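J.: this one's structure only:
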């Protein structure tokens, strides 16, 4: 693998420094010596070098459904638009939908993404080909299909866990408490114990979900999930919009990690997660886009900006979620949220997941604090180079691992084929 | 002036159509005939053609202060950071800060902007050179300088109103009730009557502003301003974050227009304006960025997205501010908010303010509803061509009227000179 030296960028968490990459890992953060040999030197003066962005929650193949059902109440959105299409999904659809998502994510500086969906081995295959780091799970919901789905999640783990030079991690994906009640969670937890896997689950996304849980179990989803024993495993909880102080106490005590997905939560009318309170309780909170069908982007710059803005606005406190914290949530905290240990910061020995941002833009001028520029003003289009696991995935405006034109064409074809069956 | 035919785009509010431009106005929306002659034909198949975006509130030259003071309480932000720098401002600073703002706005598809600041004739000069449409006012606040400021606003109107082929409009700019109490508003309203000008003013931006008004006058800023007679003139009210139902009644009855500035209101911790309620009351509400020092962008795609997302989220209603309405707020409603009559929609006879968006992007695929794509997924970087008053300001990634490299350099130099004086 090519060794690369980035000369002279501003480095997140460090300041001005050279960054050297060897064998897929960061080998130098500091001043390169005259004698140091690298296969390639990239002049990065005037750029910001940050850890590749980490997208902590999503359903990649749902890019196929981008914009086909906006501005609808959640139930109508699901029942009339999304579920009928999902019922017709094929492996091919998931492959091209996932590839489309990865093209967009790489262009926007994201190197790691999380996924919970169907035909998940297709997303794994696409991630292996695209060169991204991926944390994948097969969505598990109660019903006649749960047994098969659980078998598929096991197969996914057996075939894909730690593959792609360790870039691919498999988790188990119980969808949510309301689709996986306590009794159905049992075999899932048994499998997690057997295979030593983490889990990801949607938690307290809507007010209705919490009300339903209280009506049915007499307590909140968080409290019920604690009782099932789920939290004795490493868990990534998506959303956590409607969590009480007591819920936050339970989540913090159990070291549950959270993916905050502000754009999707707003767009579906779900609400705003109490992120400052979760952070104050010492919790690990990353950021996610959710699926493109409820966003409608996979743009981590937008999530970062939204996280930095919205909590200030609703609490009338402009000091909440400052720029540096928003950037950490999109990088190092995101990697921690996914239980990835050597990803998410620019330090010697870490895996070389790197995003380069060109600061020489009118909308980032005058030059002042690069961290604020990234959190409040930079755009996905300012990303000039993306490297994952030491391999360059985007350079000079071109994706190196994905045939973009074909991907757009095939995704369009897949969507049309699905729609014709309705 | 060159006549131009845009062949085959999706046209906002129309659908697929050709759009012809002659003598600075839209001369055709429909199907071009074989015999129609144009100096230039632009193939726009696969693009969306929308009215140039209209930025209803801002302080252009504050781009100089982008990112120099983030994450601070409003008072410290103003007193420790912004005011000391503003006290040192020079005409040259305002010229280059304004030019930097215009470079950013044009790149992001904005053709019209509003401004309230000092040395406003420099912003007028920059707008004339850059080819943008501008609605300008000299900020007026009580103090020993009010008399001079009012004279400057008169001069601005006498020299610049309707100049630049009618692209430049001058308004009077009483800053806010708390900086222009009723007695000080009197001479401003006299001047508005004399010169037949509209006015722009900040209204109910923060909770503190409303509390102060109630303590001092026994009523809200909106109620006090109504009593001064201000609302007998055409008025553009910026922010209106903390307005009661009664206030909205007053504003609607008086046909006061509003600029909703969601990003700035969030970033400064001011809150969220009750826009759905104002729209339901029949009010004209446009969108604005405010200054780059409290945003930190001048990106109308972000404001559009924020307006479409945030009201859904806080009201738990995903049907609020749908995509089409968000796009209208950024275009036709924005133009109406500024009292511009022949700007803001793609119709024969309207001024040719046009923004072309390339829909052939991974993050806008698959192709479905272009309106949703623009409101929820498109980015400033998808803008491929911008025309104002029939003149092309951006094409093939290049600004045609602004020397971008010099502007970045000069803005940086001006900021440094200001900082050295502190």
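T.: The structure has been received and is ready for your questions. Quantities reported herein were computed from a predicted structural model and do not represent experimental measurements. Numbering: from 1, shown residues only, chains lettered A, B, ... in the order given.
J.: Averaged pLDDT, stretch A:55-64. What do you get?
T.: Here stretch A:55-64 scores 97 as its mean pLDDT.
J.: cool, stretch A:412-422 as well?
T.: Here the mean pLDDT over stretch A:412-422 is 94, rounded to a whole number.
J.: That one and chain B, are they touching?
T.: Yes - with Cβ under 8 Å from any Cβ of the partner chain as the threshold, stretch A:412-422 lies in contact with chain B, specifically through A:412, A:415, A:416. (Each C-beta comes from the backbone N, C-alpha and C, glycine too.)
J.: Other residues contacting that stretch?
T.: With Cβ atoms under 8 Å, 6 or more residues apart in numbering or on different chains as the test, stretch A:412-422 has contacts from A:64-65, A:68, A:84-85, A:88-90, A:92-93, A:96-97, B:365-368.
J.: now the residues of stretch A:412-422 next to chain B: which count as buried?
T.: Under a neighbour-count criterion of 16 or more other Cβ atoms under 10 Å in any protein chain shown, the subset of the residues of stretch A:412-422 next to chain B counted as buried comprises A:412, A:415.
J.: thinking residue A:77 is in contact with residue B:318, fair?
T.: Yes - between residue A:77 and residue B:318 there is a contact at 7.3 Å, judged by Cβ atoms under 8 Å.
J.: between the two, what contacts are shared?
T.: A shared contact of residue A:77 and residue B:318, defined by Cβ under 8 Å, 6+ apart, is any residue touching both; here these are residue A:268.
J.: Show me which residues of the stretch 1-150 of chain A sit near chain B.
T.: The interface of the stretch 1-150 of chain A toward chain B, taken as Cβ under 8 Å from any Cβ, is made up of A:63-64, A:66-68, A:70-74, A:77, A:100, A:103-104, A:107-108.
J.: List just the nearest of the residues you listed to residue A:116.
T.: residue A:63 (14.6 Å; Cβ to Cβ).
J.: Surely the closest one is in a helix?
T.: Yes - under the criterion used here (DSSP: H, G, I helix; E, B strand; the rest coil), residue A:63 sits inside a helix.
J.: and it, what does it touch?
T.: Neighbouring residues of residue A:63 by Cβ under 8 Å, 6+ apart: A:97, A:98, A:100, A:101, A:104, A:291, A:292, A:293, A:298, A:411, B:365, B:366.
J.: Of all pairs in the residues of the stretch 1-150 of chain A next to chain B, which one is the farthest apart?
T.: So, the residues of the stretch 1-150 of chain A next to chain B by Cβ to Cβ: farthest apart are A:73 and A:107, at 31.9 Å.
J.: So for those two, which residue has more residues nearby?
T.: Residue environment comparison for residue A:73 versus residue A:107 gives the larger neighbour count to residue A:107, 24 against 15, counting by other Cβ atoms under 10 Å in any protein chain shown.
J.: Identify all contacting residues around the lowest-mean-pLDDT helix or strand in chain A.
T.: When each helix and strand of chain A is scored by mean pLDDT, DSSP states H and E, helix A:74-76 comes last, with a mean of 81. The set of residues that contact helix A:74-76 without belonging to it, under Cβ under 8 Å, 6+ apart, is A:206, A:268, A:269, A:270, B:318.
J.: Isn't the fourth one up against residue B:316?
T.: I take that to be residue A:270. Yes - with contacts counted by Cβ under 8 Å, residue A:270 reaches residue B:316, the gap being 7.3 Å.
J.: Next, show the common contact partners of those two.
T.: When contacts are counted by Cβ under 8 Å, 6+ apart, residue A:270 and residue B:316 are jointly contacted by residue A:207.
J.: re earlier: of the contacts of residue A:63, which count as buried by neighbour count?
T.: Applying the neighbour count, that is 16+ other Cβ under 10 Å, the buried entries in the contacts of residue A:63 are A:97, A:98, A:100, A:101, A:104, A:291, A:292, A:293, A:298, A:411, B:365, B:366.
J.: quick one: terminal-to-terminal distance for stretch A:13-26?
T.: End-to-end distance for stretch A:13-26: 14 Å, by Cα to Cα, to the nearest Å.
J.: which parts of stretch A:139-149 are buried?
T.: By neighbour count on 16+ other Cβ under 10 Å, the buried set for stretch A:139-149 is A:139, A:140, A:142, A:146, A:149.
J.: tell me the least confident of those residues?
T.: Comparing the buried residues of stretch A:139-149 by pLDDT, residue A:142 comes last, at 84.
J.: Leaving out the residues flanking it, which one is nearest to that residue?
T.: Counting by Cβ to Cβ, 6 or more residues apart in numbering or on different chains, residue A:142 lies nearest to residue A:184, which is 4.7 Å off, once chain neighbours are set aside.
J.: Helix or strand: which one has the one you found?
T.: Element membership of residue A:184 [criterion: DSSP states H and E] is helix A:182-195.
J.: Beyond that helix, next helix or strand please.
T.: Beyond helix A:182-195 in the direction of the C-terminus, DSSP H and E gives the next helix or strand as strand A:199-203.
J.: after that following strand comes which helix or strand?
T.: Scanning forward in sequence from strand A:199-203 by DSSP H and E, the next helix or strand is helix A:207-217.
J.: for that next one, packing partners?
T.: helix A:221-228 (3 or more Cβ pairs under 8 Å, 6 or more residues apart in numbering or on different chains; DSSP states H and E).
J.: Surely residue A:68 touches residue B:367?
T.: No - the pair residue A:68 / residue B:367 is not scored as a contact, 10.5 Å apart, by Cβ under 8 Å.
J.: Next, show the common contact partners of those two.
T.: With contacts defined as Cβ under 8 Å, 6+ apart, no residue is adjacent to both residue A:68 and residue B:367.
J.: which one is residue A:54 nearest to, not counting chain neighbours?
T.: Among residues not flanking residue A:54 along the chain, residue A:334 sits closest, at 3.1 Å (Cβ to Cβ, 6+ apart).
J.: thought the one you found was touching residue A:50?
T.: No - counting by Cβ under 8 Å, residue A:334 sits too far from residue A:50 to count as a contact (11.8 Å).
J.: neighbour-wise, which of these two wins?
T.: When residue A:334 is set against residue A:50 and neighbours are counted by other Cβ under 10 Å, the residue ahead is residue A:334, at 33 against 27.
J.: What's the mean pLDDT across the regular element (helix or strand) spanning that one?
T.: Residue A:334 is located in helix A:332-337, with elements delineated by DSSP H and E. Averaging the model's pLDDT scores along helix A:332-337 yields 98.
J.: returning to that earlier point: next, the contact list for the residue nearest to residue A:54, please.
T.: For residue A:334, the residues meeting the contact criterion (Cβ under 8 Å, 6+ apart) are A:53, A:54, A:55, A:56, A:112, A:286, A:287, A:344.
J.: And the buried ones among those residues, selectable in PyMOL?
T.: Those of the contacts of residue A:334 that count as buried under 16+ other Cβ under 10 Å are selected in PyMOL with:
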select buried, chain A and resi 53+54+55+56+112+286+287+344
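J.: Tell me the one of the contacts of residue A:334 nearest chain B?
T.: Within the contacts of residue A:334, proximity to chain B (Cβ to the nearest Cβ) peaks at residue A:55, which comes in at 13.4 Å.
J.: Now the closest one: phi and psi?
T.: Torsion angles at residue A:55 (phi, psi; degrees, to the nearest 10) stand at phi -100, psi 110.
J.: Can you classify the closest residue to it other than its chain neighbours as helix, strand or coil?
T.: Once flanking residues are discounted, residue A:55 sits nearest to residue A:113: 4.3 Å by Cβ to Cβ, 6+ apart. When the structure is reduced to helix, strand and coil (three-state DSSP), residue A:113 reads as strand.
J.: Residue A:113 contacts residue A:136, doesn't it?
T.: No - using Cβ under 8 Å as the test, residue A:113 is too far from residue A:136 to be in contact (9.0 Å).
J.: joint contacts of those two?
T.: Between them, residue A:113 and residue A:136 share the neighbouring residues residue A:127, with contact defined by Cβ under 8 Å, 6+ apart.
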